[in-house]
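Chemist: Need a 3D model of the sequence below.
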Amino acid sequence: MKFTSAYEIPSVIRKRTSALRGFVCLTILTTFVALRVSTVEASWLIEPERFHASAHGQTSCVECHGDIAHKTPHPDVRNVNKSIKEFFRAEQCEDCHMEVFEEVDEGSHGGMTDKSVEELEYCIGCHDPHYEMSASARKAGVDLSLPAEKKCGTCHEYRDVLPGLSDEDETCMGCHRHTTNDDPEAAERVARLCFHCHGGEDARESARIHPGLAMMDIQAHSSSPHHAVSCLVCHPGSAQYGHAEQPLGDCLDCHVHHDEKVTHAAHLTVSCQACHLEGVTALKDAASGQVLWRIEREPGEVSRVHHMVRAGDEEACRRCHAEGHSLGAVAMVLPAKSVICMPCHPSTLSVGDTTTVIALLIFLAGFVGVGSVWLSGSLTSDIEQREENKAWGMTRGLVGALFSVRLFSMMNTLILDGLLQRRLFRQNKARWAIHQLIFLPFLFRFSWGLVGLFASLHHPDWQGTWVLLDKNHPATAFLFDLTGVMVILGIACAVLRRANRPSEEIVPGLPKPDWAANALLTGIVLVGFLVEGMRIAMTGSPVGSEYAFVGHGLSRLFTGVELTSLYGYVWYIHAILTGAFVAYLPFSRMIHMITVPISLALNAGTKHAH
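Modeler: Coordinates of the predicted model:
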């Protein structure tokens with residue numbers, strides 16, 4: 001018989017746009033006991049300070065729990081999933097509060113007369129036996145949120161430590177004391193409590209009683225990545241009744257979101273555990289489209305789920321990216337979108353895949369040639385005619401301009417003449433419009449991706465970060481399809497305009513169209529739309545993808561088609577076309593898109609200087 005546990009981590013998946021809450025790691029141990037059943041806390045751990053100020057703060061544990069010391073086993077794995085109501089006995093309170101029960105027998109208590117005797121006898125429905133403030137503390141106005149020197153001197157002379165406990169009570173609190181963050185043994189103390197059932201010699205009996213109990217190897221756990229972290233950080237509701245129903249903590253409480261290089265296009269619907277836990281199987285929730293995780297184990301089998309899979313382990317990626325799965329993921333591990341993808345997509349500065357390396361080598365070689373042409377000209381001084389002197393002179397002039405009043409003139413020219421093409425607009429408005437249809441979408445996408453990359457690295461708590469990176473967000477989906485259509489429209493207009501005037505020089509002195517570059521751009525955009533349509537179809541048309549009006553329309557062509565194997569090859573065609581365009585750019589007439597803005601800005605700085 002195998003035991004299967006499937007988990008959904010809503011906070012990890014649905015709160016990707018929430019604030020990065022690293023400080024929660026420092027405070028979660030002081031707040032987890034606020035989980036309540038009615039008004040009594042179901043936690044097994046006691047906060048010493050709150051208990052000390054309570055009505056029972058000077059009462060020994062054994063006065064109410066005298067039977068526990070003789071119970072074997074304790075804790076009993078058979079009890080942990082019960083509710084706290086099942087453990088309450090009115091006799092525990094009646095021994096000291098006889099007068100209250102006499103009043104209850106008459107049908108009233110605390111001014112309540114509309115309750116049954118059974119309801120009135122359920123004391124913990126209104127009173128928390130561990131934290132009910134004592135009458136003297138209430139009268140003195142004790143505020144436990146104040147600093148120690150203010151709150152601890154309210155009822156008595158200030159002391160910097162709580163009074164010591166009896167040997168009997170210290171035995172109880174050895175396991176039940178709520179560990180605070182400044183306790184160097186916090187993680188070890190909580191682990192001892194957890195391992196009583198989940199590991200070590202005592203756990204053998206627990207496993208015999210409850211065959212489905214998750215077992216751990218304590219020695220192996222000591223070498224796991226989170227061995228020094230309290231169990232309560234990842235399992236904040238574990239030290240309380242209703243143990244099996246506890247939610248797991250949010251990995252993002254302590255860990256920063258991955259950037260695009262690691263997540264390979266932002267796996268926003270994939271739980272962290274599906275990639276990083278050892279021994280789990282990824283599965284897709286049909287209703288939400290979220291990729292969750294499942295563990296299958298034999299009775300008594302030791303779980304290695306705490307031994308995290310390190311980032312960069314390709315085998316972890318193959319849990320989803322392999323043949324024969326039903327997760328809607330491509331059946332191969334694709335590289336992260338690299339630096340050559342940045343003009344169109346939120347991507348990274350990585351240079352690791354073969355396509356990028358070859359494309360950049362050719363691109364740089366071409367730019368060396370362009371630079372040599374620039375350096376072949378003459379500078380103002382005859383002394384500086386050697387190329388190294390020319391390079392030094394240009395560099396010195398540029399640096400000088402950046403730290404002078406010339407900078408404003410250079411930026412003005414760069415924006416108006418370089419990016420917005422003011423001169424071309426004055427010469428030929430039709431050609432300007434065509435040029436902007438092609439150029440502005442790339443400028444927009446590049447800016448979008450650059451902001452997204454910077455935000456994912458430095459401001460992952462900003463809500464806009466994940467809007468920028470989520471391809472299925474309505475704004476991202478619509479604007480990226482719109483800009484792709486603009487590029488195709490611009491190239492089509494250029495072709496039609498040239499076809500109608502085949503032998504005429506449209507504007508003297510301006511570069512002629514580069515049909516090879518236009519063909520590569522057209523191929524990149526069209527194949528990009530095809531890749532998008534396949535992705536939407538393969539992932540089951542995620543919410544928001546309908547705003548990608550081109551990709552969503554194309555996705556309908558692939559209804560019922562198995563795409564997980566085909567998608568990767570089409571993706572590589574798109575990547576290779578992109579690499580070819582980047583490699584060809586320094587040798588094409590389109591190089592003026594880069595050189596002209598730079599040249600105009602430099603010339604503006606020089607003219608201003610003279």
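
Chemist: Report all helices and strands that whatever helix or strand T578 lives in contacts.
Modeler: Using DSSP states H and E, T578 falls within helix 566-584. For helix 566-584, the elements it packs on are helix 354-374, helix 515-538, judged by 3 or more Cβ pairs under 8 Å, 6 or more residues apart in numbering; DSSP states H and E. C-betas here are computed from N, CA, C, even on glycine.

Chemist: Any regions of the stretch 101-250 of the chain where pLDDT drops low?
Modeler: 180-182, 184, 202 (pLDDT under 70).

Chemist: can you give me the strands in it?
Modeler: For the stretch 101-250 of the chain, no strands turn up when DSSP state E, counting those that start in this stretch is the criterion.

Chemist: got the residue ranges for the helices in it?
Modeler: Under the criterion DSSP state H, counting those that start in this stretch, the stretch 101-250 of the chain carries helices at the ranges 117-121, 135-140, 148-151, 167-176, 186-198, 202-209, 218-221, 231-234.

Chemist: CSV please, covering those helices and showing distance to L248 and mean neighbour count.
Modeler: Shown next, in CSV, are the helices of the stretch 101-250 of the chain (distance: least, Cβ to Cβ, whole Å; neighbours: other Cβ atoms under 10 Å):
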stretch, distance to L248, mean neighbour count
helix 117-121, 35, 16
helix 135-140, 36, 13
helix 148-151, 34, 13
helix 167-176, 23, 14
helix 186-198, 14, 19
helix 202-209, 21, 16
helix 218-221, 17, 14
helix 231-234, 6, 20
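
Chemist: okay, these in a markdown table with distance to S288 next?
Modeler: Formatted as a markdown table, the helices of the stretch 101-250 of the chain follow (distance: least, Cβ to Cβ, whole Å):
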| stretch | distance to S288 |
| --- | --- |
| helix 117-121 | 40 |
| helix 135-140 | 47 |
| helix 148-151 | 46 |
| helix 167-176 | 38 |
| helix 186-198 | 30 |
| helix 202-209 | 34 |
| helix 218-221 | 32 |
| helix 231-234 | 22 |
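
Chemist: And the ones you listed: which comes nearest D76?
Modeler: In terms of Cβ to Cβ, the element of the helices of the stretch 101-250 of the chain nearest to D76 is helix 202-209, at 8.0 Å.

Chemist: Send me that closest one as PDB with only the CA atoms.
Modeler: What follows is helix 202-209, C-alpha atoms only, in PDB (Å, rounded to 0.1, in the frame of the first residue of the first chain):
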ATOM      1  CA  ASP A 202      10.400   7.200  19.600                       C
ATOM      2  CA  ALA A 203       9.000   7.500  16.100                       C
ATOM      3  CA  ARG A 204       9.100   3.800  15.500                       C
ATOM      4  CA  GLU A 205       6.100   3.300  17.800                       C
ATOM      5  CA  SER A 206       4.300   6.300  16.200                       C
ATOM      6  CA  ALA A 207       4.900   4.800  12.700                       C
ATOM      7  CA  ARG A 208       3.500   1.400  13.900                       C
ATOM      8  CA  ILE A 209       0.300   3.100  15.200                       C
END
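
Chemist: That helix to helix 186-198, inter-axis angle?
Modeler: 40 degrees (axes from the mean of the first three to the mean of the last three Cα atoms, to 10 degrees).

Chemist: Against which helices or strands is helix 202-209 packed?
Modeler: Using 3+ Cβ pairs under 8 Å, 6+ apart, helix 202-209 is in contact with helix 186-198.

Chemist: and the angle from the helix it packs on to helix 167-176?
Modeler: Using the same axes, to 10 degrees: helix 186-198 against helix 167-176 is 90 degrees.

Chemist: Please enumerate residues in contact with helix 186-198?
Modeler: 29, 44, 75, 77, 80, 175, 177, 179-180, 183, 202-203, 206, 213-216, 218, 227-232, 238-239 (Cβ atoms under 8 Å, 6 or more residues apart in numbering).

Chemist: Which members of the residues you listed are classed as buried?
Modeler: 29, 44, 75, 77, 80, 177, 179, 203, 206, 213-216, 218, 229-232, 238-239 (16 or more other Cβ atoms under 10 Å).

Chemist: Figure out how far the longest strand along the chain is from the centre of its chain.
Modeler: Of all the elements of type strand in the chain, the one with the most residues (DSSP state E) is strand 291-297. The chain centroid and the centroid of strand 291-297 are separated by 20 Å under Cα atoms, centre = their mean, to the nearest Å.

Chemist: Count the neighbours of S166 for me.
Modeler: For S166, the neighbour count with other Cβ atoms under 10 Å is 11.

Chemist: ok, so what distance separates the residue lying closest to it once chain neighbours are set aside from E91?
Modeler: Setting aside the residues directly before and after it, S166 is nearest to S60 in space (Cβ to Cβ, 6 or more residues apart in numbering), at 6.2 Å. Distance, S60 to E91, using Cβ to Cβ, to the nearest Å: 17 Å.

Chemist: where are the low-confidence patches of the chain?
Modeler: Ranges of the chain meeting pLDDT under 70: 1-41, 180-182, 184, 202, 256-266, 309-313, 371, 373-406, 502-512, 601-610.

Chemist: Would you mind finding the longest helix in it?
Modeler: When the chain is parsed with DSSP state H, its longest helix is helix 429-458.

Chemist: What is it packed up against?
Modeler: So helix 429-458, by 3+ Cβ pairs under 8 Å, 6+ apart, packs with helix 260-263, helix 422-427, helix 463-469, helix 474-500.

Chemist: Kindly recompute the last result at 7 Å.
Modeler: helix 422-427, helix 463-469, helix 474-500 (3 or more Cβ pairs under 7 Å, 6 or more residues apart in numbering; DSSP states H and E).

Chemist: Contact partners for P346?
Modeler: By Cβ atoms under 7 Å, 6 or more residues apart in numbering, P346 lies in contact with E260, W448, G449, G452, L453, L468, L469.

Chemist: Neighbour count added to the residues you listed, as JSON lines?
Modeler: Formatted as JSON lines, the contacts of P346 follow (neighbours: other Cβ atoms under 10 Å):
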{"residue": "E260", "neighbour count": "23"}
{"residue": "W448", "neighbour count": "20"}
{"residue": "G449", "neighbour count": "22"}
{"residue": "G452", "neighbour count": "24"}
{"residue": "L453", "neighbour count": "21"}
{"residue": "L468", "neighbour count": "21"}
{"residue": "L469", "neighbour count": "25"}
